[in-house]
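Asks: I'll drop the sequence and a predicted model, then ask my questions.
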Amino acid sequence: MQIGETLATEIIARRLGACVQLSGPVSSTYRWQGNIETSQEWRVIIKTVSARRDALVEFLHQHHPYEIPEISEHTIPWTEPKFLEWVHKESSQA
């Protein structure tokens, strides 16, 4: 979890997102380099705006310990307007 907390702090400090949530550990089983692996991982949800997506993805590729981290976007069809306003404010470049 240490790396997750470090990444979360940096994401907020750089205004790449308004909020980062860590949950887990979760057990993941996958094939990697020809072997079946099982490991404990942490699920990370980053609340941000699409304008910050490219910078956030670049940051994650540079700082995440995995060679190929899972990065996926989930668009919310509706969000309470005041919350969305807060996300935009906190994810804007200073």
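Replies: Received the coordinates, thanks. Residues are numbered from 1 along each chain as shown.
Asks: distance of R15 from F59?
Replies: From R15 across to F59, the span is 11 Å (C-beta to C-beta, to the nearest Å). All C-beta atoms are positioned from the backbone trio N, CA, C, and that covers glycine.
Asks: got it, and Q2?
Replies: Q2 is 18 Å from F59, by C-beta to C-beta.
Asks: More neighbours: which of those two?
Replies: Between Q2 and F59, counted using other C-beta atoms under 10 Å, F59 has the larger neighbour count: 17 against 6.
Asks: residues touching that one, list them.
Replies: E10, I11, R14, L16 (C-beta atoms under 8 Å, 6 or more residues apart in numbering).
Asks: now with 7 Å?
Replies: I11, R14, L16 (C-beta atoms under 7 Å, 6 or more residues apart in numbering).
Asks: give me the number of residues near the closest residue to the first one other than its chain neighbours?
Replies: This means I11. Closest residue to I11 apart from its sequence neighbours, by C-beta to C-beta, 6 or more residues apart in numbering: G17 at 4.9 Å. By other C-beta under 10 Å, the residues close to G17 number 21.
Asks: where does I46 land in three-state SS?
Replies: strand (DSSP: H, G, I helix; E, B strand; the rest coil).
Asks: Now do it against E37, distance only.
Replies: From I46 to E37 the distance is 25 Å (C-beta to C-beta).
Asks: Between these two, point out the one with more neighbours.
Replies: Neighbour totals were compared for I46 and E37, and I46 leads with 21 against 10 (other C-beta under 10 Å).
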